[in-house]
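Visitor: Provide a 3D model corresponding to the input given below.
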Amino acid sequence: MSSEKQRKDKTPKSHKKKHELDLSLPESKYARGALDVKVKAPKSRIAKANSERVKEQIVDAARHTSAAEILLPSDPGGIEMDDKSKRIYKLKHQEIVQNVDINTSRNAFNFQLQEFGPYSVNYSRNGRYLLFGGRRGHVASYDCHNMEIVTELQLQQDVHDVTYLHNDTLFAAAQRQHVYIYDKNGIEIHCMKRHDRPLKLDFLPYHYLLVSTGHSGHIRWHDVSTGEFVSGQQMGHGPCSILKQNPHNAVMHCGHSNGVVTLWAPTTGKALASIFCHKSPLTDIAIDREGHYMATTGLDGFMKIWDLRKMDHLHSFRLERPGNSLDISERGVLAVGMGRKVQLLRDAFTRPYDVTYLNYELGTPNAALSSGGGITASSRALQSRVAVASVAFRPLEDVLCVGHTHGVTTYIAPGTGEPNFDSFEANPFLTTKQRREAEVQSLLNKLSPDMISLDSNFIGGIDTNAAALSQEQSDIYAPKGNGKEKKDKDRKRGRNKISARLRRRQKNVVDEQIIKFREAKKAAVEQRKAAEKLDNAGTALARFARSSSA
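Guide: Okay, the predicted model is just below:
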């Protein structure tokens, strides 16, 4: 018995740790980080211990998060049909509104603004505020909880896009010539003249970077916390009006008129990757929350799904007409705006068929608001001109907002929003004091632009190829050649010293000493020439020497 106990005690600790680091399937979905880091070199004992410690922390966090699932107060929404033979996508929006609670039905509204469209829409990170801007200069901010307008402006300029910054107190507008920043009272805070003729805007909340593209074909990053211009590159594909960020690694995706999607980071002088997506001009792109999939639409009438981990095409969908706006909800539902219709697709990234979830169609605007002609004729004319311009899912709510040529409309979309919010990440019920504290905390935790990369796990990782790493470091830090640094000949050190200035000042001054020195120098030259003549005269061939006069 004692020998068996000794054998059990002699079991290596590594096997015990390996058993402890195994995660179940429910726990593995909460693991944030790579668990397969291997360090083979025996010299890196400290690095191996650090990697094991990181693994234990990842596993411990995943287990605690999985155990806290039971404390989540809400479940995701959805639609259940009483009549199993009826398809969900045949439901009309009015039927959905009639069967939901009163608080949810209040989220469905329609702003008829025929004179200022088309409208671009954007939600704040906590989903409480809606920002929409019309092409003809109308910009407004709307509180979705209190159902009231917070800010309303008439800029009397073309407004191509609007976006909130780190919270609802500041927003940016891409106007005709430059990007302007306004506060929640509608006061102009700043004019960013480096961003000329912008067409599209986006904001990176963890880096405090405002990104823009426009007519010039440049992509520019600007730090709004310090006012510093970070970077700007020429993309080389002409004017760009499609810009989306990857929420997973903060890489910017730009769609171009030649069907190419380029990926950009502020620290690189060229594109991180280029993907040829369509044979026609792109109309919009969207990236899911995990950063794994990308959806693209083009004028060829196709919508394509791409795997960003392999940069590979998965499958395609043939649309009724070319889609002009895309967005992906927090639970992976894809919204496609095309013409007067908006189609919601569920499981579109994993299945190439039978993915239609809901269909919405923009209603006819109030014909009585139009001028001239009869009501019937005006209604038909307005109906033919209504078209979707942009779509956006509301964070933490089952709501889809559609900006179109005749205003802004919201629809109830059950099962699209995340039901449980993280109060430290995005709290829709923030008080003024909490908002200030959260703003200070986010500024303290602000990430550097150097941390934007395709591989978001490179920070804190271990380079297993030690030989390549040492060679790279030696190439960077070791001097080239034989180790001796050559001085630049053109470099004029000490040019502005007082002695050098005096010498240059005395260069053109003629006095007695300079005259004597010049005369002595001239006499020495003549004496040397006379001596050379005497030497040549004594030779036998001197008679044949050609005289200087000849």
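Visitor: Going by C-alpha atoms from here, please, whenever you check contacts or count neighbours.
Guide: Will do.
Visitor: what about the stretch 351-500 of the chain, any weak spots by pLDDT?
Guide: Counting by pLDDT under 70, the ranges of the stretch 351-500 of the chain that qualify are 364-384, 459-466, 469, 473, 476-495.
Visitor: Not counting sequence-adjacent ones, nearest residue to Asp300?
Guide: In this structure, Asp300 finds its nearest non-sequential neighbour in Ser280, 5.8 Å apart by CA to CA, 6 or more residues apart in numbering.
Visitor: Mind checking what secondary structure that neighbour has?
Guide: Secondary structure of Ser280, reduced to three states by DSSP: H, G, I helix; E, B strand; the rest coil: coil.
Visitor: next one: phi and psi at it?
Guide: Main-chain torsions, Ser280, degrees, to the nearest 10: phi -130, psi 170.
Visitor: and it, what does it touch?
Guide: 257-259, 298-300 (CA atoms under 8 Å, 6 or more residues apart in numbering).
Visitor: ditto for Glu397
Guide: By CA under 8 Å, 6+ apart, the residues touching Glu397 are 127, 416-419.
Visitor: Neighbour-wise, which one of the residues you listed leads?
Guide: By neighbour count, taken as other CA atoms under 10 Å, the most surrounded of the contacts of Glu397 turns out to be Thr416 (27 neighbours).
Visitor: would that one count as being in a helix?
Guide: No: with three-state DSSP as the criterion, Thr416 is located in coil rather than a helix.
Visitor: doesn't Leu358 make contact with it?
Guide: No: contact between Thr416 and Leu358 fails when scored by CA atoms under 8 Å: they sit 11.0 Å apart.
Visitor: and the gap between the residue nearest to Asp300 and Leu534?
Guide: Going from Ser280 to Leu534 by CA to CA, to the nearest Å gives 91 Å.
Visitor: With Asn258 instead?
Guide: Distance check for Asn258 against Leu534: by CA to CA, it reads 86 Å.
Visitor: Strands of the stretch 201-350 of the chain, start to end?
Guide: With DSSP state E, counting those that start in this stretch applied, the stretch 201-350 of the chain shows strands at 209-214, 218-223, 228-234, 242-245, 252-255, 260-264, 273-276, 282-287, 293-298, 302-307, 312-318, 325-328, 334-338, 341-345, listed in chain order.
Visitor: and the angle from the second one to strand 260-264?
Guide: With axes from the mean of the first three to the mean of the last three CA atoms, to 10 degrees as the criterion, the two stretches strand 218-223 and strand 260-264 enclose an angle of 30 degrees.
Visitor: Pull out the C-alpha coordinates of strand 218-223 and format them as PDB.
Guide: What follows is strand 218-223 as a C-alpha-only set of coordinates in PDB (Å, rounded to 0.1, in the frame of the first residue of the first chain):
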ATOM      1  CA  HIS A 218      -7.000  59.100 -48.200                       C
ATOM      2  CA  ILE A 219      -7.700  57.400 -44.900                       C
ATOM      3  CA  ARG A 220      -6.900  59.600 -41.900                       C
ATOM      4  CA  TRP A 221      -6.800  58.900 -38.100                       C
ATOM      5  CA  HIS A 222      -7.100  61.700 -35.600                       C
ATOM      6  CA  ASP A 223      -6.800  61.400 -31.800                       C
END
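Visitor: That strand: partners in the sheet, and parallel or antiparallel?
Guide: strand 209-214 (antiparallel), strand 228-234 (antiparallel) (DSSP bridges).
Visitor: ranking the ones you listed by burial, who's on top?
Guide: Stretch with highest mean neighbour count among these: strand 209-214 (a mean of 25; mean count of other CA atoms under 10 Å).
Visitor: Low-confidence ranges, this protein, go.
Guide: Counting by pLDDT under 70, the chain contains low-confidence ranges at 1-29, 32-44, 364-384, 459-466, 469, 473, 476-495, 506-510, 535-550.
Visitor: again, 50 this time
Guide: For the chain, residues meeting the criterion pLDDT under 50 lie at 1-3, 5-19, 37-39, 41-42, 370-371, 483, 548-550.
Visitor: quick one: Asn103 and Gly417, what's the gap?
Guide: According to CA to CA, Asn103 and Gly417 sit 15 Å apart.
Visitor: How about Tyr206?
Guide: Applying CA to CA, the value for Tyr206 to Gly417 is 22 Å.
Visitor: Check Asp202 too.
Guide: As judged by CA to CA, Asp202 and Gly417 stand 21 Å apart.
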